[in-house]
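Participant: the sequence and its predicted three-dimensional model are supplied below.
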Amino acid sequence: MKKKDILFLCQFFHPEYISSAQLPFDTACALHDAGFSVGVLCGYPREYLDGDQIPRCETIRGIHVRRLKYIQMDRSGFLGRIVNYFSFTFMVLLNLPEMANYRAVVAYSNPPILPWIASWAKVLFGTKLIFVSYDLYPEVAIITNTLREGSLICRLMEHINHCVYRREDRIVSLSSEQRDYILKHRSVAKEDVAVIANWHPNDFEGSCQRRENRFSGMCKGKFVVSYFGNMGTMQDMQTILDAVRQFRQEEGVLFLFAGHGNKMRALEETVKREKIPNVEILSFLHGQDFQDALDISDCALVCLEKGGTGLCVPSKTYCYMMHGLPLLAIMDPCDIVGDVESGAGLWVRNGESDDLAQKIRYMRDHPEELAQMGQTSRSIYQEKYTKQIGTQKYVALFRELL
């Protein structure tokens, strides 16, 4: 029987609304539209789904999707994430024979063990392996003190890396610094690593001016500094919080947080305990709610812990740029900082909370310069990070590979 072209292995997939579900969906659609036959093996939605339950198997835009049920615990704690990772990975392992029906398998780095199964499809069935590196393990776990270097789980991850990087046909990194890290710390050939940045799935048309919506009441007459998305182990929320504390007496500035992650609860508790007045914290936003929150924002925060560049990339950056928001970046030098220094915003290093507070005040007090930053941010997005640009790079990769 003739093999199909490409199978996607991913824990989250459309219609789930987080970026790690939408990005594979956009990629799969672009590959199908380019003439490839595409299938998906993913987890059954639970946490990131609106509306009614969906079928275990269905065809969406010509893409055959099969969803696997697995144990899903609360992901805010380490134990819950580990149980979810291993449970989903085990279910994929049980479906290893299905990979024999495809010429290539795309495996994402979350869960970290998932690419190891795809590497066995290469050994057993000759299936080509494309590894998309969202995060690099065990480094992410070590730098955040989630795992101790040399621990049993770290050694397991290093063994998985050895198998995956030895068997890969292509690696997709999200940034040039991630590519450089992979080339320095993994035994791979330079020509095997492609840089394809993430993108925001929705296009934006029209003015970047603030528009009236359901959030307008909270921000009337205020300069809104926003942070949306993951507040997890790799995000430097401490530098942001230390800067927020300096605005206690400045009612004209509002900090708007919305998202999820294990640092969100600590942020909420600190704001409540210290009675910081000009902070609003909302749950994860998506759809029109997220669009409305972007519309009332004046600038947006993006951050990584010190030493985190090269290990992961904050994907919300691209929706800010798509919307024409100036960026306030807190991280080591990287591609995002390069965009910021090209005029898309302002940059501070980790721990420089005083400098961050000063730069927020500068943006507030210089509206013309702020508007120019927003225009530059949008222009860089259109030049480098649109969905069309990103997905067509995947199409070109697979045309070369297959």
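Facilitator: Sure, I can see it.

Participant: domain-wise, how is the protein divided?
Facilitator: For the chain, the structural domains run 4-199+386-401, 216-384, going by automatic domain parsing.

Participant: so how far is the longest one off the chain centroid?
Facilitator: Mean-position distance between domain 4-199+386-401 and its chain equals 13 Å (C-alpha atoms, centre = their mean, to the nearest Å).

Participant: got the contact list for the residue nearest in space to the middle of the chain?
Facilitator: For the chain, S315 is the residue whose C-alpha lies nearest the centre (C-alpha atoms, centre = their mean; 3.8 Å). Neighbouring residues of S315 by C-beta atoms under 8 Å, 6 or more residues apart in numbering: S19, L23, N198, G229. Any C-beta I mention is one placed from the backbone N, CA and C, and that applies to glycine too.

Participant: may I have stretch 32-52 as PDB, with CA atoms only?
Facilitator: The C-alpha coordinates for stretch 32-52 follow below in PDB (Å, rounded to 0.1, in the frame of the first residue of the first chain):
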ATOM      1  CA  HIS A  32      -2.100  19.700   2.700                       C
ATOM      2  CA  ASP A  33      -2.700  22.700   0.500                       C
ATOM      3  CA  ALA A  34       0.700  22.200  -1.100                       C
ATOM      4  CA  GLY A  35      -0.300  18.700  -2.200                       C
ATOM      5  CA  PHE A  36       1.000  16.500   0.700                       C
ATOM      6  CA  SER A  37      -1.200  13.900   2.300                       C
ATOM      7  CA  VAL A  38      -1.300  14.700   6.100                       C
ATOM      8  CA  GLY A  39      -2.400  12.900   9.200                       C
ATOM      9  CA  VAL A  40      -2.400  13.900  12.900                       C
ATOM     10  CA  LEU A  41      -2.000  11.800  16.100                       C
ATOM     11  CA  CYS A  42      -2.700  14.000  19.100                       C
ATOM     12  CA  GLY A  43      -4.200  14.100  22.600                       C
ATOM     13  CA  TYR A  44      -7.900  14.400  23.200                       C
ATOM     14  CA  PRO A  45      -8.800  18.000  24.300                       C
ATOM     15  CA  ARG A  46      -9.800  18.800  27.800                       C
ATOM     16  CA  GLU A  47      -8.400  22.000  29.300                       C
ATOM     17  CA  TYR A  48      -8.100  24.300  26.200                       C
ATOM     18  CA  LEU A  49     -11.400  23.700  24.500                       C
ATOM     19  CA  ASP A  50     -14.600  25.700  24.200                       C
ATOM     20  CA  GLY A  51     -17.900  24.200  23.300                       C
ATOM     21  CA  ASP A  52     -19.100  20.600  23.000                       C
END
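
Participant: so which bits of it are buried?
Facilitator: Residues of stretch 32-52 classed as buried: H32, A34, F36, S37, V38, G39, V40, L41, C42, G43, Y44, P45 (neighbour count, 16 or more other C-beta atoms under 10 Å).

Participant: residue contacts, the first one?
Facilitator: Meaning H32. Counted by C-beta under 8 Å, 6+ apart, H32 has contacts V38, R61, G62, I63.

Participant: what's the local residue count around the third one?
Facilitator: Okay, so that is G62. Here the number of neighbours of G62 (other C-beta atoms under 10 Å) works out to 12.

Participant: which residues of the stretch 301-402 of the chain fall in helices?
Facilitator: 316-323, 335-339, 353-365, 367-384, 387-401 (DSSP state H, counting those that start in this stretch).

Participant: so what touches the second one?
Facilitator: Meaning helix 335-339. 175-177, 197, 302, 313-314, 317, 321, 327, 329, 331, 347, 377, 380, 384.

Participant: that older thread, so which of the helices of the stretch 301-402 of the chain gets nearest L156?
Facilitator: Closest approach to L156 among the helices of the stretch 301-402 of the chain is made by helix 387-401 (28.8 Å; C-beta to C-beta).

Participant: and the closest one, what's buried?
Facilitator: Those would be K387, G390, T391, K393, Y394, V395, L397, F398, for helix 387-401 by 16+ other C-beta under 10 Å.

Participant: same check on stretch 250-268?
Facilitator: 250, 253-264, 267.

Participant: and the two most separated of these?
Facilitator: Top of the distance list for the buried residues of stretch 250-268 (C-beta to C-beta): E250 and N262, 29.1 Å.
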